[in-house]
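*Asks:* Next input, structure requested:
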Amino acid sequence: MRGTYDVWAPRPQRVRLALAGEVVEMTRTGDGWWTPSEPVPDTDTAVDYGYLLDDAPDPRPDPRSRRQPDGVHGLSCHEPTAYAWGDVGWTGRQLAGSVLYELHVGTFTPGGTLDSATERLDHLVDLGVDLVELMPVNAFNGTHNWGYDGVGWYAVHEGYGGPDAYRRFVDACHAAGLGVVQDVVHNHLGPSGNYLPLFGPYLKEGRNTWGDLVNLDGEGSAEVRRYILDNVRMWFEDYHVDALRLDAVHALSDTSEVHLLEQMAIETATLSAQLRRPLTLIAESDLNDTLLVKPREAGGYGLDAQWSDDFHHAVHVALSGETAGYYADFEPLEALAKVCEQGFFHDGTFSSFRERDHGSPVDTARMPAWRLVVADQNHDQIGNRARGDRLAEHLDDDQLACAALLLMTAPFTPMLFMGEEWAASTPFQFFTSHPEPELGRATAEGRIAEFERMGWDPAEVPDPQDPATFERSKLDWDELSTGRHAVVLDCYRLLVSLRRELPQLTDPSFGSVSCSVEGRLFTMRRDDLLVVVNAGEVPATLDVDAGEILFHTPTGVALDGGTVEVPPHAGALLR
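*Replies:* Below is the predicted model:
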């Protein structure tokens, strides 16, 4: 068993522990680990520490630091865990049948902390969601950030309240009946404060979109993999989270006999059995390949679920008419029908944006549809637009309600993005706070270059480093009860309630879905339920075998005998 201050550092020839103003020599063991050469007593109070590597004058933070009170360049802090958990009766939340809600801690509330987010849990309970998904909270340089530039994978960002605030948040969620999903990034490290390469071969040759590749299969990779796998265990065991969203797993370069993701699934299943509650792994993948979620006994990696952007693209194009960039292939309304019936649109078909064939078919006869997590808005699809503009800026109330209707009646696992449920008027823009001027300039220039292929005006791209970009992205909670916001919120509440009430809507069988398209009229049958959405600009009439309207968009839908009349942009759920 490793000691509190033991550290893996095969690269330096000398390591000393700087602890509470003292310097303690460390002894190297045969496997590249170092341990204090003399006993270091544990204290019942917090103590700052770091490591002096070779002849460097300044100590570096612990790669496994649980707290960085002075930021990612400062000393680590070891403090005895004194938190008294109140969730001993918590039995977890399974993903199947659940509704997820994604939020960014810094912009979810005016306070921008985990404690202030806790004060809004009643809203989520009232809405009816089951799992709260936090964008990354690990330690990064600066005050505000999306979280994907983290370098302290084991530490909770101090600006959010640090580790104890995180524990309080999870505890409060569980008390309210909400599970917690934590978004984690293991495919790259941020550009500022990454001291891992000074300790050992955490990185290898090559780059992905965001930075140097993590060493998952080269010399020394066994300890790097253990570093990641122990991090996964930490979130489940020490912070009591219920699921992890694994960021951009397609960027994990691993040629090992057992892929890191498969090993992650093995160890998570083992821990789940020990803790006797569901522990879920959700992958974000750009590959459109269900190998990730195929059970290990069938030759897959054994993850539980994966994000699927094709649903978003199909809904977005159907309602907005936008066809630039990667939206181009989704222009026919039949694209939405294919996604709902078959899971992916690109399942080996040609992608004009990628200029190649993309994806693989879903085994719809065997795979449950809940393994695909879908959204009509999320942090990527809003924040990676030039202005970070939401659907509410472009669609009317009926269209927004149609987006929610499609999301809540499709056979997949639905996820909302914070503020979507009340047509929030605030954008969600890409923001950073790099203290280094050169990084700030590079980030701003990179954002402009990113949008060229989407055809967006570079002049509209806000400066990520401008504090106003961050401030504009904070939700305005005063909107909830006013105007269109209250109207859309009522629609979301009813749809979430119906999804929970009607077993047809959580039936995970692809065979339970049958779609049709006539002009701009889309229908989706779920057993004896019928979803009707008019994506066109003229009224539509449809003969149906339904006797009642369970939900309709604000303008209203008329059912007369066996005929339903659907105004432009309107939709309904009938039985």
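*Asks:* Any buried residues in stretch 158-172, and which?
*Replies:* 158-172 (16 or more other Cβ atoms under 10 Å). In this view, the C-beta of every residue, glycine as well, is placed from N, C-alpha and C.
*Asks:* got it, and stretch 490-501?
*Replies:* Buried-residue list, stretch 490-501, by 16+ other Cβ under 10 Å: 491, 492, 494, 495, 496, 498, 499, 500.
*Asks:* repeat for stretch 515-531
*Replies:* 515, 517, 520, 521, 522, 523, 524, 526, 529, 530, 531.
*Asks:* where are the low-confidence patches of the stretch 251-400 of the chain?
*Replies:* Along the stretch 251-400 of the chain, the model assigns pLDDT under 70 to no residue.
*Asks:* returning to what we had before: of the buried residues of stretch 490-501, which belong to helices?
*Replies:* 491, 492, 494, 495, 496, 498, 499, 500 (DSSP state H).
*Asks:* Same list, those, but as a markdown table with distance to residue 68 please.
*Replies:* A markdown table is the format used below for those (distance: Cβ to Cβ, whole Å):
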| residue | distance to residue 68 |
| --- | --- |
| 491 | 43 |
| 492 | 38 |
| 494 | 44 |
| 495 | 41 |
| 496 | 38 |
| 498 | 45 |
| 499 | 41 |
| 500 | 41 |
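*Asks:* ranges for the strands of the stretch 451-575 of the chain?
*Replies:* Remark: strands assigned in the stretch 451-575 of the chain by DSSP state E, counting those that start in this stretch are 513-518, 521-526, 529-534, 540-543, 549-552, 558-560, 563-566, 571-574.
*Asks:* Which one, of those strands, ends up nearest to residue 328?
*Replies:* strand 513-518 (18.3 Å; Cβ to Cβ).
*Asks:* returning to what we had before: need the max-distance pair from the ones in helices among the buried residues of stretch 490-501.
*Replies:* Taking Cβ to Cβ as the measure, those span a maximum distance of 15.3 Å, between 491 and 500.
*Asks:* so where's this protein shaky on pLDDT?
*Replies:* 450-453.
*Asks:* one more time with 80
*Replies:* Filtered on pLDDT under 80, the chain yields the residue ranges 1, 41-44, 81, 440, 443-458.
*Asks:* in it, which spans are helices?
*Replies:* 105-108, 114-118, 121-127, 162-175, 196-199, 221-237, 260-275, 309-320, 334-342, 379-383, 397-409, 437-450, 467-472, 483-501.
*Asks:* The first one packs against which elements?
*Replies:* Put plainly, it is helix 105-108. If you count contacts as 3 or more Cβ pairs under 8 Å, 6 or more residues apart in numbering; DSSP states H and E, helix 105-108 packs onto helix 114-118.
*Asks:* any idea how far residue 529 is from residue 510?
*Replies:* 16 Å (Cβ to Cβ, to the nearest Å).
*Asks:* Let me have the buried residues of stretch 515-531 in a markdown table, extended by distance to residue 362.
*Replies:* Below are the buried residues of stretch 515-531 laid out as a markdown table (distance: Cβ to Cβ, whole Å):
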| residue | distance to residue 362 |
| --- | --- |
| 515 | 15 |
| 517 | 20 |
| 520 | 26 |
| 521 | 26 |
| 522 | 20 |
| 523 | 21 |
| 524 | 17 |
| 526 | 18 |
| 529 | 22 |
| 530 | 24 |
| 531 | 20 |
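*Asks:* Out of those residues, which comes closest to residue 423?
*Replies:* Comparing the buried residues of stretch 515-531 against residue 423 with Cβ to Cβ places residue 531 closest, at 20.7 Å.
*Asks:* Spatially nearest residue to that closest one, not counting backbone neighbours?
*Replies:* Spatial nearest neighbour of residue 531, chain neighbours left out: residue 524 (4.2 Å); criterion: Cβ to Cβ, 6 or more residues apart in numbering.
*Asks:* give the contact list for the one you found.
*Replies:* Shown in contact with residue 524 (Cβ atoms under 8 Å, 6 or more residues apart in numbering): 337, 340, 406, 409, 410, 513, 514, 515, 530, 531.
*Asks:* Isn't the fourth one up against residue 532?
*Replies:* It stands for residue 409. No - using Cβ atoms under 8 Å, residue 409 is not in contact with residue 532; the gap is 10.4 Å.
*Asks:* shared neighbours, the two?
*Replies:* Both residue 409 and residue 532 are contacted by residue 573, under the criterion Cβ under 8 Å, 6+ apart.
*Asks:* So which of the contacts of residue 524 is the closest to residue 233?
*Replies:* Distances from residue 233 to these, taken as Cβ to Cβ, are shortest for residue 410 (33.3 Å).
*Asks:* Tell me how far the residue nearest to the closest one when sequence neighbours are not counted lies from residue 543.
*Replies:* Nearest residue to residue 410, sequence neighbours excluded (Cβ to Cβ, 6+ apart): residue 340, at 5.5 Å. As for residue 340, its distance to residue 543 is 21 Å (criterion: Cβ to Cβ).
*Asks:* One more: residue 536?
*Replies:* For residue 536, the distance to residue 543 equals 18 Å [Cβ to Cβ].
*Asks:* buried ones in stretch 500-513?
*Replies:* Quick answer for stretch 500-513 (16+ other Cβ under 10 Å): 500, 502, 504, 505, 506, 507, 508, 510, 512, 513.
*Asks:* again but with stretch 353-362, I slipped
*Replies:* Residues of stretch 353-362 classed as buried: 353, 358, 359, 362 (neighbour count, 16+ other Cβ under 10 Å).
*Asks:* got the contact list for it?
*Replies:* Stretch 353-362 is contacted from outside by 287-291, 325-326, 328-329, 342-344, 346-351, 372, 453, 510, using Cβ under 8 Å, 6+ apart.
*Asks:* what about residue 256, neighbour count?
*Replies:* 14 (other Cβ atoms under 10 Å).
*Asks:* Now it. Nearest residue, chain neighbours left out?
*Replies:* The shortest distance from residue 256 to any non-neighbouring residue, by Cβ to Cβ, 6+ apart, is to residue 217 (4.7 Å).
*Asks:* what's the one you found in contact with, if anything?
*Replies:* Residues in contact with residue 217 (Cβ under 8 Å, 6+ apart) are 204, 253, 254, 255, 256.
*Asks:* and which of the residues you listed is nearest residue 106?
*Replies:* Top of the list for closeness to residue 106, among the contacts of residue 217 and by Cβ to Cβ, is residue 253 at 30.3 Å.
*Asks:* The closest one touches residue 205, doesn't it?
*Replies:* No - counting by Cβ under 8 Å, residue 253 stays clear of residue 205, with 9.9 Å between them.
*Asks:* Now the common contact residues for the two.
*Replies:* residue 213.
*Asks:* among the buried residues of stretch 500-513, which two are most distant?
*Replies:* 500 and 510 (21.2 Å).
*Asks:* what's near enough to touch the nearest residue to residue 502 once chain neighbours are set aside?
*Replies:* Nearest residue to residue 502 in three dimensions, chain neighbours excluded: residue 529, at 6.8 Å (Cβ to Cβ, 6+ apart). Residue 529 makes contact with 409, 502, 504, 505, 550, 573, 574, 575 under the criterion Cβ under 8 Å, 6+ apart.
*Asks:* Tell me what residue 529 is bridged to.
*Replies:* Beta-bridge pairing for residue 529 (DSSP bridges): residue 526.
*Asks:* can you pull the contacts of residue 149?
*Replies:* 140, 141, 190, 191, 192, 432.
*Asks:* residues contacting the residue nearest to residue 493 when sequence neighbours are not counted?
*Replies:* Distances taken as Cβ to Cβ, 6+ apart place residue 127 nearest to residue 493, at 6.1 Å, with adjacent residues excluded. Listed by Cβ under 8 Å, 6+ apart, the contact set of residue 127 reads 101, 421, 492, 493, 496.
*Asks:* separation between residue 127 and residue 172?
*Replies:* 16 Å.
*Asks:* follow-up on the earlier one: and the buried ones among the contacts of stretch 353-362, selectable in ChimeraX?
*Replies:* Command for ChimeraX, covering only those of these found buried under the criterion 16+ other Cβ under 10 Å:
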select :288,289,290,291,326,329,342,343,344,346,347,351,372,510
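*Asks:* ok, now which ones touch residue 533?
*Replies:* Counted by Cβ under 8 Å, 6+ apart, residue 533 has contacts 318, 402, 405, 406, 521, 522, 523, 566, 570, 571.
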